[in-house]
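Chemist: Following is a predicted model, sequence given first.
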Amino acid sequence: MRIAKRENVWLRPGMSGGRPDQVAEILADVRERGDAAVLDYTERFDKAQLSPEQLRVDARELDAALGVLEPDVLMGLRTAIANVRQVAAAQLRDAVSVELPEGQRIELSEVPVRRAGVYVPGGRAPYPSTVVMACVTARVSGVEQIAVCAPPGPGGRAHPAVLAACVLCEVTEVYRMGGAQAIAALAYGTDSVDPVDLIVGPGNTWVTEAKRQVFGQVGIDGLAGPSELLVVASSGADPELIALDLLAQAEHGEDSPLVLITADEVLRDAVIAAVERLAPDRPSATDAALEAVLVDELADALHFADQIAPEHLELVGEEAEQLADRVTRAGCVFVGAGAGTAFGDYVAGSNHVLPTGGAARFQSALSPATFRRRMARVSLPGEAPARLAPAGAALARAEGFPVHAESMERRA
């Protein structure tokens, strides 16, 4: 791990750049040629030759996937599903009806999208946990149809852990496709893939750029950059646990920004020493860059964290943990020595599809709100039109819309 010691400075993590022109070519090609283009790009990028009939995973292969999982992995998936489902269900909102003084009634209800696409990245490993985070939340939200896609592995095989997660999440529509071509197929539709209303799930720079370009044709959950971890630590924190959390985050890739901020120089140096000691025996941790920032006082650390709006924020040590209620910008906050970020990635119940690159300033984690639209129903019974028409007509005429005014006045 590359380590830099700094004092009262900050290097803002950024989102990896996409390839707009090349992605646009792929999107246009899939929109024009459909399945044929998807299969061509699958052979080119994933080194997998598939026939059109193999694009969608059949029911027998899905069912068989459960039988090849290790029992502890199956138990882990069931635990994750139960906890994510309970947290998601707690976020559903009941319909609201508002009676206003003039007599009109506004009813607000949440309506799920009809069809959602879930992108499950391939990357360094299969990600059945992403299936859980997205599909369980979509189901709880009331989404009728869920289409999952993931890049195929060697020989065009779908990874059994991903397929098993789909079965456990009651998803039967699964496609062997990844990259920008998968996003195009979900957005525009092909002979094999019906278009969706919303696409969610993280991916590489090609996937992220493709989601950006199809936004408007479909909804998206956000634009994911490299995964991030910022740790604010104070005296009394365990340096080895912090080091393990930083190394765990480094498993996401070399471009994953890692930051430690503390006012305790002894603690900072102890964490660095622990990272250097533990890293050689953990080859899955990449050579990601760690910024070890020393501040004058811990309040400055909170200021830095708020400016950055990190994807994951850990508060460790008694003084740091007392700052939890003051955090306003983070994808997810982990408070206390026991709350390692890895729990949130898998089984805590919170969602691991989180805003990155500072997007936590305006964006939330994946949740039922991602899959639901708030819709108003307006009723103006009795004398309500007559009471409202004078005010509405005056505003309409001021904006140069006299027929709007007439429409309201006629009902009065």
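Modeler: Arrived safely, thanks for sending.
Chemist: switch to C-alpha atoms for all contacts and neighbour counts from now on
Modeler: Will do.
Chemist: which residues touch the residue nearest in space to the middle of the chain?
Modeler: Against the mean C-alpha coordinate of the chain, by C-alpha atoms, centre = their mean, the closest residue is Val353 at 2.7 Å. With contact set as C-alpha atoms under 8 Å, 6 or more residues apart in numbering, Val353 has these partners: Thr130, Met133, Ala134, Gly201, Pro202, Ala365, Leu366.
Chemist: tell me the SS of the last one?
Modeler: When the structure is reduced to helix, strand and coil (DSSP: H, G, I helix; E, B strand; the rest coil), Leu366 reads as coil.
Chemist: Quick check: closest non-adjacent residue to it.
Modeler: Among residues not flanking Leu366 along the chain, Val353 sits closest, at 5.5 Å (C-alpha to C-alpha, 6 or more residues apart in numbering).
Chemist: Is that neighbour in a helix, a strand, or coil?
Modeler: Of the three states, Val353 takes coil under three-state DSSP.
Chemist: what's the distance between the residue nearest to the centre of the chain and Asp287?
Modeler: Note on Val353: its distance to Asp287, by C-alpha to C-alpha, to the nearest Å, is 23 Å.
Chemist: next one: Asp255
Modeler: Distance of Asp255 to Asp287, given as C-alpha to C-alpha: 9 Å.
Chemist: helix, strand or coil for the closest residue in space to Val335 that isn't next to it in sequence?
Modeler: In this structure, Val335 finds its nearest non-sequential neighbour in Leu315, 5.0 Å apart by C-alpha to C-alpha, 6+ apart. On the three-state scheme (three-state DSSP), Leu315 is labelled strand.
Chemist: Is Leu315 in contact with Cys332, as I believe?
Modeler: No. The criterion here is C-alpha atoms under 8 Å, and Leu315 misses it with Cys332 at 11.1 Å.
Chemist: Would you mind giving the contacts of Val353 as JSON lines with neighbour count added?
Modeler: As requested, the contacts of Val353 are exported to JSON lines (neighbours: other C-alpha atoms under 10 Å):
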{"residue": "Thr130", "neighbour count": "23"}
{"residue": "Met133", "neighbour count": "28"}
{"residue": "Ala134", "neighbour count": "28"}
{"residue": "Gly201", "neighbour count": "27"}
{"residue": "Pro202", "neighbour count": "25"}
{"residue": "Ala365", "neighbour count": "21"}
{"residue": "Leu366", "neighbour count": "24"}
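Chemist: Nearest residue to Ser141 in space, please, no chain neighbours.
Modeler: Excluding the flanking residues, the one nearest Ser141 by C-alpha to C-alpha, 6+ apart is Pro368, at 5.1 Å.
Chemist: Does that neighbour touch Ala88 like I think?
Modeler: Yes. Applying C-alpha under 8 Å, one finds Pro368 in contact with Ala88, separated by 6.3 Å.
Chemist: Show me where the stretch 1-150 of the chain has its strands.
Modeler: 2-7, 96-99, 105-112, 115-119, 145-150 (DSSP state E, counting those that start in this stretch).
Chemist: related to what we said a few turns ago, against Val327, how distant is the residue nearest to Val335?
Modeler: 10 Å.
Chemist: more crowded one of Leu315 and Cys332?
Modeler: Of the pair Leu315 and Cys332, Leu315 is the one with more neighbours under other C-alpha atoms under 10 Å, namely 26 against 23.
Chemist: List the residues that contact the more buried one.
Modeler: Going by C-alpha under 8 Å, 6+ apart, Leu315 touches Val231, Val232, Ala233, Glu321, Leu323, Ala324, Val333, Phe334, Val335, Gly336.
Chemist: Just the pLDDT for it.
Modeler: Per-residue confidence (pLDDT) for Leu315: 98.
Chemist: in the sheet, who's paired with it?
Modeler: Beta-bridge pairing for Leu315 (DSSP bridges): Val232, Val335.
Chemist: roughly how far apart are it and Glu43?
Modeler: Applying C-alpha to C-alpha, the value for Leu315 to Glu43 is 45 Å.
Chemist: Repeat that for Gln181.
Modeler: 11 Å.
Chemist: Show me what the helix ranked longest in the chain is packed against.
Modeler: Secondary structure of the chain per DSSP state H: the longest helix is helix 71-89. When contacts are defined as 3 or more C-alpha pairs under 8 Å, 6 or more residues apart in numbering; DSSP states H and E, helix 71-89 packs onto helix 137-141.
Chemist: Can you mark which positions in the longest helix of the chain are buried?
Modeler: Leu74, Leu77, Arg78, Thr79, Ala80, Ile81, Asn83, Val84, Arg85, Val87, Ala88, Ala89 (16 or more other C-alpha atoms under 10 Å).
Chemist: was I right about Leu229 contacting His312?
Modeler: Yes. At 4.8 Å, Leu229 counts as touching His312 under the criterion of C-alpha under 8 Å.
Chemist: Low-confidence stretches in the protein?
Modeler: Residues of the chain that meet the criterion pLDDT under 70 lie in 8-18, 123-124.
Chemist: Domain map for it?
Modeler: Per automatic domain parsing, the domain ranges recorded for the chain read 20-220, 226-352, 381-410.
Chemist: any idea how far the first one is from the chain center?
Modeler: Taking C-alpha atoms, centre = their mean, to the nearest Å, the mean C-alpha location of domain 20-220 is offset from the chain mean by 12 Å.
Chemist: swap in stretch 383-392?
Modeler: Computed by C-alpha atoms, centre = their mean, the chain-centroid distance of stretch 383-392 equals 44 Å.
Chemist: what does that stretch rub up against?
Modeler: The contact list for stretch 383-392 (C-alpha under 8 Å, 6+ apart) reads Glu102, Gly103, Gln104, Ala405, Met408, Glu409, Arg411, Ala412.
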